[in-house]
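Chemist: Predicted model follows, preceded by the sequence.
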Amino acid sequence: MALYVKPLWNNNIFLLLPTKLSKILLILIFCLISLSDEITDTSKNNKIDNIGGGVTADLIHGDSPLSPFYDPSLTRFKRVTDSLRHSFLRHHSIRSNDSKSSSLTSPAPEASLAPVSGYYLMKIQLGNPPIELLGIADTGSDLTWTQCAPCSDCYKQKTPIFDPKKSETYDTVSCKSQECQSLRYEHPSCDNATDGCRYELTYAGRSYTSGDLATETLTFDQNLPFPKVVFGCGHHNYGDNLGTSSGIVGLGGGPVSIIRQLKKYYSIDAKISYCLPPPNSNVSSKINFGSNAVVSGPKVMSTPLVKREHDTFHYFTFVGISIGNNKLAFKSKKEITVEEGNMFIDTGSTYTFLSDQFYSKFVTALKKALSGTPTANPQGEFRLCYENPTNGKFNSPTITAHFRGGVDLVLSPEGIFVEANKGVVCLAILPSYSTDLLVFGNLQQMNYLIGIDLENQKVDFLPTNDCTNY
């Protein structure tokens, strides 16, 4: 007895086979079809979720009671002091480095690492099996890095230190690899004994990290793994500005940032969106990538991004500020023109910095609009302080920041004056001493859904009173 089998790949050829062999062949065909379907389904899932899609991660302020790093023994005044010190260190580092030669061999403007207070944490998982890390979400850094075992010179962190030997997907990067060659300001070097690529980053306040450039599986909160993401495995890390975080999550515009890597290797659009809740709130929010980074609606305002020599920072153009209806236009270069791309948006700095000359004009106008009682500065760095009324409600006029493209951002009252000491509130906007490198800090970004869109070279702002919706 014989059986004719019509192959799927040919409509014209028939095979005559013995019965037993035909049964075996049928079983093999069904198995192959089933395996093919499974592979196809996996491929489809990867295409939907990994390729060209979007991802989301948790975002929480380090000072929030919800943060695992929250220290109830610290007063809110101590947190303000820490964030102030860090912001000045960070800005000084950026300003001093930016004033140097702009050639690719010169140092980039470096961002200092965030302190115990004043930063936002991003939750990710690293390795296989994955371990959870809480890194500082920093739009002013490119390289994502974490402390790694063995760690001969490391600071204390609350979460477990990542051990590459326990991960099945960890791999070092060769000195000759494209990934190593793409490092610019991370000071790459070669370990001649292993041909491994090494990195070193120095930050403000004598903080630093150095270790191996490697690839690893990165997982976001939808349990969606992304293999072979480049990161820094830091074996030597130091800095009292680091707090107890796992390290840094680089959200800058350079080639090794998470944003750029998701675009390059997984076709996920190079854009993010986030909404920053107040520091002491009991809520967390989300940071979105790719197609999840949606900022839409009739109230959305957009300002162009501006390309500059150092592409780590997301530059846009600040054109002025209003105190109530009194609008002060910002000019640079001896008050003649506005320098395009004169400010960058920075989640790693708590405070906003304006040029010294314009800041003086702003403070003079603000004093005239305030009816409170001026008082001494308790911290030394704040420039304008007032007595806080006994009811705790300091009345400040509406402050609106203006950007190119007709963007008018009404700043949250919580982001204008902060309580620096008991009974004392101080202006949370500070002098920069630079006319063309200004900072838009995270306090002033509160209560806006913000989209940084590198695909369309713009920053979107949508006012909101509830970051948990995003």
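Modeler: That came through fine.

Chemist: can you pull out the helices in the stretch 151-300 of the chain?
Modeler: Taking DSSP state H, counting those that start in this stretch as the criterion, the stretch 151-300 of the chain contains helices spanning 178-181, 258-266.

Chemist: what mean pLDDT does the first one have?
Modeler: Averaged across helix 178-181, the pLDDT comes to 91.

Chemist: Contacts for that helix, please.
Modeler: With CB atoms under 8 Å, 6 or more residues apart in numbering as the test, helix 178-181 has contacts from 173, 174, 188, 190, 197, 213, 215, 230, 256. No exception for glycine: its C-beta is placed from N, CA and C like everyone else's.

Chemist: Let's have these in TSV, adding neighbour count and pLDDT.
Modeler: Rendered in TSV, the data for the contacts of helix 178-181 read as follows (neighbours: other CB atoms under 10 Å; pLDDT from 0 to 100):
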residue	neighbour count	pLDDT
173	24	96
174	16	96
188	18	93
190	14	95
197	24	97
213	27	97
215	19	97
230	28	97
256	26	95
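
Chemist: Out of these, which is nearest to residue 360?
Modeler: Relative to residue 360, the closest of these is residue 256; by CB to CB it sits at 39.2 Å.

Chemist: contacting residues for residue 370?
Modeler: For residue 370, the contacting residues are 386, 396, 397, by CB under 8 Å, 6+ apart.

Chemist: Can you classify the last one as helix, strand or coil?
Modeler: In terms of secondary structure, residue 397 is coil; the call rests on DSSP: H, G, I helix; E, B strand; the rest coil.

Chemist: Return the per-residue confidence for it.
Modeler: In this model, residue 397 is scored at 94, pLDDT.

Chemist: For it, give me phi and psi.
Modeler: phi -70, psi 160 (degrees, to the nearest 10).

Chemist: cool, the first one as well?
Modeler: Torsion angles at residue 386 (phi, psi; degrees, to the nearest 10) stand at phi -140, psi 160.

Chemist: how close does it sit to residue 430?
Modeler: For residue 386, the distance to residue 430 (CB to CB, to the nearest Å) stands at 16 Å.

Chemist: Residue 327 now?
Modeler: In this view, residue 327 and residue 430 are 21 Å apart by CB to CB.

Chemist: likewise residue 451?
Modeler: Distance from residue 451 to residue 430, counting by CB to CB: 26 Å.

Chemist: hang on, residue 443 packs against residue 426?
Modeler: No: using CB atoms under 8 Å, residue 443 is not in contact with residue 426; the gap is 11.9 Å.

Chemist: Now for those two: what residues contact both?
Modeler: Shared contacts of residue 443 and residue 426 (CB under 8 Å, 6+ apart): residue 418.

Chemist: where in the stretch 101-250 of the chain is pLDDT low?
Modeler: Confidence mapping of the stretch 101-250 of the chain against pLDDT under 70 gives the ranges 101-117, 204-206, 222, 239-244.

Chemist: same thing but 80
Modeler: Within the stretch 101-250 of the chain, the stretches with pLDDT under 80 are 101-118, 158, 185, 203-207, 221-223, 239-245.

Chemist: mind checking how far stretch 75-89 is from the chain centre?
Modeler: Distance, stretch centre to chain centre, for stretch 75-89: 20 Å (CA atoms, centre = their mean, to the nearest Å).

Chemist: Setting aside sequence neighbours, what's the nearest residue to residue 300?
Modeler: residue 462 (5.0 Å; CB to CB, 6 or more residues apart in numbering).

Chemist: go on, residue 421?
Modeler: That would be residue 378: by CB to CB, 6+ apart, it lies 4.0 Å from residue 421.

Chemist: picking that back up, between residue 386 and residue 430, who's got more neighbours?
Modeler: Between residue 386 and residue 430, counted using other CB atoms under 10 Å, the more crowded position is residue 430 (25 against 21).

Chemist: which element is the more buried one on?
Modeler: strand 429-431 (DSSP states H and E).

Chemist: which strands and helices sit next to that strand?
Modeler: With contacts taken as 3 or more CB pairs under 8 Å, 6 or more residues apart in numbering; DSSP states H and E, strand 429-431 sits against helix 76-98, strand 352-354, helix 356-369.

Chemist: I'd like the ones you listed laid out as TSV, including mean pLDDT and mean neighbour count.
Modeler: Below are the helices and strands packed on strand 429-431 laid out as TSV (pLDDT from 0 to 100; neighbours: other CB atoms under 10 Å):
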stretch	mean pLDDT	mean neighbour count
helix 76-98	68	21
strand 352-354	94	26
helix 356-369	95	16
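
Chemist: Just put those in JSON lines and tack on distance to residue 137.
Modeler: Output for the helices and strands packed on strand 429-431, formatted as JSON lines (distance: least, CB to CB, whole Å):
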{"stretch": "helix 76-98", "distance to residue 137": "14"}
{"stretch": "strand 352-354", "distance to residue 137": "18"}
{"stretch": "helix 356-369", "distance to residue 137": "27"}
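
Chemist: Quick one: classify residue 443 as helix, strand or coil.
Modeler: Using three-state DSSP, the structure places residue 443 in helix.

Chemist: Just give the nearest non-adjacent residue to it, would you?
Modeler: Ranked by CB to CB, 6+ apart and with sequence neighbours excluded, the top spatial neighbour of residue 443 is residue 415, at 4.0 Å.

Chemist: Now do the same for that neighbour: its pLDDT.
Modeler: Here the pLDDT value assigned to residue 415 is 91.

Chemist: for the contacts of helix 178-181, which one is nearest residue 129?
Modeler: Using CB to CB, residue 215 comes nearest to residue 129 of those, at 16.7 Å.

Chemist: who touches that closest one in this structure?
Modeler: Applying CB under 8 Å, 6+ apart, we find residue 215 in contact with 170, 171, 173, 179, 227, 228, 229, 230, 231.

Chemist: quick one on the thing from earlier: got JSON lines for the helices of the stretch 151-300 of the chain, with mean neighbour count too?
Modeler: Listed next are these as JSON lines, based on neighbours: other CB atoms under 10 Å:
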{"stretch": "helix 178-181", "mean neighbour count": "16"}
{"stretch": "helix 258-266", "mean neighbour count": "21"}
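
Chemist: closest to residue 69 out of those?
Modeler: helix 258-266 (21.0 Å).

Chemist: Packing partners of that closest one?
Modeler: Helices and strands in packing contact with helix 258-266 are listed as strand 225-238, strand 285-290; criterion 3+ CB pairs under 8 Å, 6+ apart.
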